[in-house]
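# Could you work out the structure for the sequence below:
(one chain, ligands or ions: 2)
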Amino acid sequence: MSAPGEETGQVGCAGEVGRLAPSPTGGLHVGHSRTFLVAWLMARRAGGRVVFRVEDIDASRVRPGMAEQAMADLRWLGIDWDEGPDVGGPHGPYLQSERFDRFEAALDLLKRAELVYPCTCSRSEIRRAASAPHLGEEGPVYPGTCAERSAGDARLIRDRPFAWRFRAGEEPVAWDDLFRGRLEMVPSAIEGDFVVGRSDGSPSYQLAVVVDDAAMGVTQVIRGDDLISSTPRQLLLYRALELVPPRFGHVPLVLGPDGRRLAKRDESIKLSTLREGGMDPRRLVGWIGETLGMGSGEPASPSEYLRRFEPDLVPEGPVAFDRSAIEQ
Ligand code: GLU
Ligand code: ZN
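Numbering: from 1, shown residues only. Ligands and ions are numbered 1, 2, ... in the order given. Presented below is the predicted three-dimensional model:
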């Protein structure tokens, strides 16, 4: 059997591994479907594999049934995977909530290397201490209040909960984004020394995603560009854990017709609503194809794009979605 990548001679190789990593905190909407379709095309056009992973570590935000719904939504669109909670595979379990031992082992490595320290600051203390409100994209930048502690000092903290923060340094981190070209960011400007272990014993998203992408052999991380500021932090963690980083590609978001971010609560743009309403998924895929420079919106299935898709066609800016585009 020849892989699509061999026929088209495209970037990547049959060894590519892509992943679909939704958080089951709400339903997927048309924006997710576009990002996941790009992730799928990037892996499949190279003859590569696709892993489905459920990012359910934040128990307070997980909603029951959402992982199953996400799988049904993506299958409805014609997106498939080789490994995942429903099909198994050699890198399971595929639910992050069942992988805590791996995150603990990674955190232990960081402790031994003195790359993390225990932080007892509360949110409000950080806000107050970040003088002249030093606001990063994700709230106040941690001012380093606890940075003098060593990892071993955790033993001395008895009366307060504490998180583990990673020493982010001041150096910029650069990468060649698959869609955006060379990007460079200073990780410490985003959140300061960032949290890798939470006070309740769970890992942060930054740590969990790195540990799992590496353990699952992922070579391409394709995701929405709302996560772009996470990439430099994750690259620091790859380095610290002596893991080979994947390539990263950030897909611009889909906006509503008003030019604003799609409202998570808007049921009419949810894939499950469209699916249960009997819509032909090929219409939505056709619209996505058009936004990626393939065709003029004629109905299509993902596999029809395998030979036509080019990373260079992913526009740098957001695209607007209007329901009328997929209605008959
Ligand atoms: N689970 C994350 C989310 O749904 C995505 C993680 C990633 O792609 O790195 O927002
Ligand atoms: Zn602190």
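
# Please name the bridge partners of the residue nearest in space to the middle of the chain.
Computing the C-alpha centroid of the chain and ranking residues by C-alpha atoms, centre = their mean puts residue 223 first, at 5.1 Å. The partner list for residue 223 in beta bridges (DSSP bridges) reads residue 250.

# so what pLDDT did it get?
pLDDT for residue 223: 98.

# now swap in the one 3 residues further on and tell me
On pLDDT, residue 226 comes in at 93.

# can you pull the contacts of it?
By C-beta atoms under 8 Å, 6 or more residues apart in numbering, the residues touching residue 226 are residue 253. Every C-beta, even on glycine, is put in place using the N, C-alpha and C of the backbone.

# Residue 273 too?
Taking C-beta under 8 Å, 6+ apart, we find residue 273 in contact with 27, 267.

# Residue 50 falls within a strand, correct?
Yes. Assigned with DSSP: H, G, I helix; E, B strand; the rest coil, residue 50 falls within a strand.

# mind checking how far it is from residue 105?
Remark: distance between residue 50 and residue 105 (C-beta to C-beta, to the nearest Å) = 26 Å.

# More neighbours: which of the two?
Neighbour count, other C-beta atoms under 10 Å: between residue 50 and residue 105, residue 50 has more, with 23 against 11.

# how much space between the more buried one and residue 44?
The gap separating residue 50 from residue 44 is 7 Å, by C-beta to C-beta.

# my read is residue 117 is in a strand, agree?
Yes. With three-state DSSP as the criterion, residue 117 is part of a strand.

# so what's it scoring on pLDDT?
Taken from the predicted model, the pLDDT recorded for residue 117 is 98.

# just residue 323 next, same as before
Taken from the predicted model, the pLDDT recorded for residue 323 is 87.

# same deal with residue 259?
87.

# need the contact list for it.
Neighbour list for residue 259: residue 320 [criterion: C-beta under 8 Å, 6+ apart].

# Tell me how far it lies from ligand 2.
Note on residue 259: its distance to ligand 2, by C-beta to the ion, to the nearest Å, is 39 Å.

# Distance of that residue relative to ligand 1?
Distance, residue 259 to ligand 1, by C-beta to the nearest ligand atom, to the nearest Å: 22 Å.

# How many neighbouring residues does residue 112 have?
11.

# Hmm, it is touching residue 152, no?
No. No contact is recorded between residue 112 and residue 152 when judged using C-beta atoms under 8 Å, the distance being 10.0 Å.

# Now do the same contact list for residue 144.
For residue 144, the residues meeting the contact criterion (C-beta under 8 Å, 6+ apart) are 192-193.

# Ligand 2 contacts on the stretch 151-300 of the chain?
Counting by C-beta under 5 Å from the ion, no residue of the stretch 151-300 of the chain lies close to ligand 2.

# part of a helix, is residue 184?
No. Residue state for residue 184 (three-state DSSP) corresponds to strand; a helix is not indicated.

# all strands of this structure, in order?
With strands called from DSSP state E, the chain shows them at 17-20, 49-52, 116-119, 135-136, 139-140, 163-166, 173-177, 181-185, 194-197, 220-224, 247-251, 254-255, 319-320.

# Many thanks, have a good one.
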